[in-house]
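Q: Here is a sequence with its predicted model. Questions after.
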Amino acid sequence: MAQMNLLHAINNALDIAMAENDRAVCFGEDVGHFGGVFRATSGLQDKYGKTRCFNTPLVEQGIIGFANGLAAQGSVAIAEIQFADYIFPAFDQIVNESAKFRYRSGNEFNVGKLTIRTPYGGGIAGGLYHSQSPEAYFAHTPGLKVVVPRNPYQAKGLLLASIRDDNPVVFFEPKRLYRASVGEVPEEDYQLPLGKAEVVQTGTDITLLAWGAQMEIIEKAAKMAEADDISCEVVDLRTILPWDIETVCQSVMKTGRLLVSQEAPLTAGFASEIAATVQNECFLHLESPIARVCGLDTPYPLALEKEYMSDHLKVYEAIKKSVNY
Amino acid sequence: MTTELYNDGTVVHAPTFIDGSSIDIPELRILHQDGSVYPDADMPDIDETLAIKIYKTLAFHRVLDERMVASQRQGRLSFYMAALGEEATTVGGAAGLEPQDMIMGQYREQGALMFRGFSLENFMNQLFSNEKDLGKGRQMPIHYGSNELNYMTISSPLGTQIPQATGYAYGQKLQGLDAVTLCYFGEGAASEGDFHAGLNMAAVQQAPVIFFCRNNGYAISTPSDEQYKGNGIASRGVGYGIKTLRIDGNDILAVLKAMQIARAYALKENAPVLIEAMSYRLGAHSTSDDPSGYRTREEEEKWQANDPILRMKNWLLAQNWWDEEQDTVLFEGLREEVLAAVKVSEKINKPHIDTMITDVYDTPTAQLQQQLDEVKAHVNKYPEAYPFTAGKF
Ligand SMILES: Cc1ncc(C[n+]2csc(CCOP(=O)(O)OP(=O)(O)O)c2C)c(N)n1
């Protein structure tokens, strides 16, 4: 085992994927010699050459269009979008093309070998164009998988699984944790399953559910609640699409309560989908309304970021409200 | 349908490729680095008053950039973007326009806003995202905007202003205004789909818009040879059927001349113009970037010798419109002013908590009002966790 931060873990996963398959190609803005603005692709161009790790012109729709073609050809396309905020120029290529390639051709063609990596999320004084969490837009698109890791160990295992999965995957990396989150990561190859949630901590009074950078926050809130004798079960969704209804509902049936926390605005976020499904599956087990702690229904602000964010204090208050309902 | 635009060029009977090198694109240059003027140069319309105003703006720009990069290093500022080495493209650009002309920038065009008289305090308030920022502290530093000065607020997603500029200019034309739109972007942003959409629309819809590409050689770490092939950005203007000029972007007189010509043409013909200014980003992309990771000192030094501000100063000295002593006084005075302004602005309050929900819509919705009330109650409960707003509402 080695100590790695989240960026190292991602770099290590990319290295393994490129070493095992010489058809694996990494590209995007500044990813070549510079190694990406966050350095996730550091060293890959030196190791695998300019034909397999390169800078693209600054055009997201081109990057994903190119990636779709490359993946359709059978290569392993690993595209970086510099910030999730800038994935929208590529929205058409992802939503109308990547997601529907297989379906519309009756599986004559597919882009299963496509992975789109992109840093998402706030808490970094990035303002409205460097802080967004756009997972819900992609979760509304059949044909995609959407994955969000919470720490270095998860990032490596989930990224390798995403690259090897036979479906296009949008892989959101919590940029706030890139350097902040450090942990033990095996140097060898391993995979973590897509579509499976993980129970990170067991408890009896309430289920706390989140993904990515929000996991740190609900874990912190769970500790605060513990001091009040509230026992929280903490679940990491890990994959947004397709999501693990079974693990979540089993937990809710046990605890009788659910709180979902997301960074994105409240309205029509993925927490809404979860709440609707859980009330359908677990109606008779619920002892309080499903709580959602989210960003406000506004763009992501800069100066008042702290007030805007779903933080551990807001989650803690919501836990108490739910338990005392 | 019409085939009017079908080309009646030379007919050949053996395949003959053409490419960017088939067109020779001239580059306008008026000033030598030593301040002397090319003997046959076609001078812009400029007198001593305008020249001094331009030079003072350039000096302000240089000093602000130096000071703000230093403030960022001291941890007083979260982020900054300097325009070291390409100040002439924006200051000279604005100087060739009329105040009623709209400017839509990418982000490295503070110089144009300075020329129009955006105050030092206004710059500072935006940089420190305090309650006096015209943008209400919502965007990262350097995302300025001013309705009064006809400078569209900057948006981070690259290239989005290009088709918008076409639309804005078309609106000006419909109203019969004596005004054009100037749209700045980098050679990197010129790869975005929006660039192609914006230029094509402008050409076909006949909009009085001046597209101004600051070709500074880099998009973050990506050098222009990994950004595009062919004869720069200018050749694309030709492809879209747009009148195109290439200029030395470090030559303020060339920038001014080009802009004066472009404005007159755009207004008279109701048609777009593309200007490609060849320059160099001497500094880092932003304070988050370290260019030593992707380019050499020698390359930077070569361009340092082309400093546009020094070039203009040399010209002013040769005109006897300026002297070294005035120069020292100007720069020293500016440094003191900027330093003093930093100290004031960083102490001004952050925006009021009520601004969390304003400007999302024309008036806040009921849901937003409820969400704000919840945040306020929460802040009151944990005042120590929200130091900017606690106790201030
Ligand atoms: C759509 C989009 N993609 C990526 C980015 C991130 N980004 C910010 S600046 C920049 C480089 C821009 O280079 P260029 O247009 O040449 O302008 P310069 O910085 O050289 O002035 C990039 C990639 C962005 N802001 N918007």
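A: That came through, no problem.

Q: From what I see, A:C26 and A:L44 are in contact.
A: Yes. Taking C-beta atoms under 8 Å as the definition, A:C26 is a contact partner of A:L44 at 5.8 Å. Using the backbone N, CA and C atoms, a C-beta is placed for each residue, glycine as well.

Q: Tell me how many other residues crowd A:G183.
A: The burial count assigned to A:G183 is 16, neighbours taken as other C-beta atoms under 10 Å in any protein chain shown.

Q: what bridges to it?
A: With DSSP bridges as the criterion, A:G183 is bridged to A:M4.

Q: Next: B:M278.
A: B:N215, B:D248.

Q: coming back round to it: for A:C26 and A:L44, list the residues in contact with both.
A: Common contact partners of A:C26 and A:L44 (C-beta atoms under 8 Å, 6 or more residues apart in numbering or on different chains): A:L14, A:M18, A:R52, A:C53.

Q: Is any residue of the helix or strand containing B:H61 near the ligand?
A: Applying DSSP states H and E as the criterion places B:H61 in helix B:48-73. No. Judged by C-beta under 6 Å from any ligand atom, helix B:48-73 and the ligand are separated, with a smallest distance of 13.2 Å.

Q: which element follows that helix toward the C-terminus?
A: Per DSSP H and E, the first helix or strand lying C-terminal to helix B:48-73 is helix B:87-95.

Q: how about the helices in chain B?
A: In order along the chain, chain B carries the following helices (DSSP state H): B:48-73, B:87-95, B:110-115, B:120-127, B:161-174, B:193-205, B:234-239, B:252-269, B:297-304, B:308-319, B:324-345, B:366-381.

Q: Which residue, other than its chain neighbours, is closest to whichever residue of the stretch 151-300 of chain A sits closest to the ligand?
A: Minimum separation of the stretch 151-300 of chain A from the ligand (C-beta to the nearest ligand atom) falls at A:K175, amounting to 13.0 Å. Distances taken as C-beta to C-beta, 6 or more residues apart in numbering or on different chains place A:P119 nearest to A:K175, at 3.7 Å, with adjacent residues excluded.

Q: from what I can see, that neighbour looks like it's in a strand, true?
A: Yes. Counting by DSSP: H, G, I helix; E, B strand; the rest coil, A:P119 is part of a strand.

Q: who are the neighbours in contact with it?
A: Contacts of A:P119 by C-beta under 8 Å, 6+ apart are A:F38, A:Q82, A:F83, A:A84, A:F172, A:E173, A:P174, A:K175, A:Y178.

Q: Tell me how many other residues crowd A:A271.
A: So A:A271, with other C-beta under 10 Å, has 27 neighbours.

Q: Contact partners for it?
A: Counting by C-beta under 8 Å, 6+ apart, A:A271 makes contact with A:V260, A:S261, A:Q262, A:R292, A:C294.

Q: List phi and psi for it.
A: phi -60, psi -30 (degrees, to the nearest 10).

Q: Give me the nearest residue to it, chain neighbours excluded.
A: Residue nearest to A:A271 in three dimensions, not counting chain neighbours: A:V260, with 4.0 Å by C-beta to C-beta, 6+ apart.

Q: So that neighbour: helix, strand or coil?
A: Going by three-state DSSP: A:V260 is strand.

Q: and it, how many neighbours?
A: By other C-beta under 10 Å, 29 other residues sit near A:V260.

Q: Return the set of residues that bridge with it.
A: Note on A:V260: beta-bridge partners by DSSP bridges are A:L209, A:R292.

Q: Not counting its own residues, what contacts stretch A:134-142?
A: A:84-85, A:87-88, A:91, A:94-95, A:99, A:103, A:120, A:144, A:146, A:148, A:170, A:172, A:211, A:240-241, A:264, A:268-270, A:273.

Q: Just the buried residues from the residues you listed, in PyMOL please.
A: Under the burial definition 16 or more other C-beta atoms under 10 Å in any protein chain shown, those of those that qualify are selected in PyMOL by:
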select buried, chain A and resi 84+85+87+88+91+94+95+99+120+144+146+148+170+172+211+240+241+264+269+270+273
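
Q: The contacts of stretch A:134-142 also near chain B: which ones?
A: A:D85, A:F88 (C-beta under 8 Å from any C-beta of the partner chain).

Q: list the contacts for A:A213?
A: A:A213 makes contacts with A:G121, A:G123, A:R150, A:P174, A:R176, A:L177, A:E263, as judged by C-beta under 8 Å, 6+ apart.

Q: what two of those are the furthest from one another?
A: By the measure C-beta to C-beta, A:G123 and A:R150 form the most distant pair in the contacts of A:A213, at 14.1 Å.

Q: Pull the number of nearby residues for the residue nearest to A:I217 when sequence neighbours are not counted.
A: Closest residue in space to A:I217, ignoring its immediate chain neighbours: A:H312 at 5.0 Å, by C-beta to C-beta, 6+ apart. Number of residues near A:H312 (other C-beta under 10 Å) recorded here: 20.

Q: correct me, but A:H312 touches A:A225?
A: No. Between A:H312 and A:A225 there is no contact under C-beta under 8 Å: 10.1 Å.
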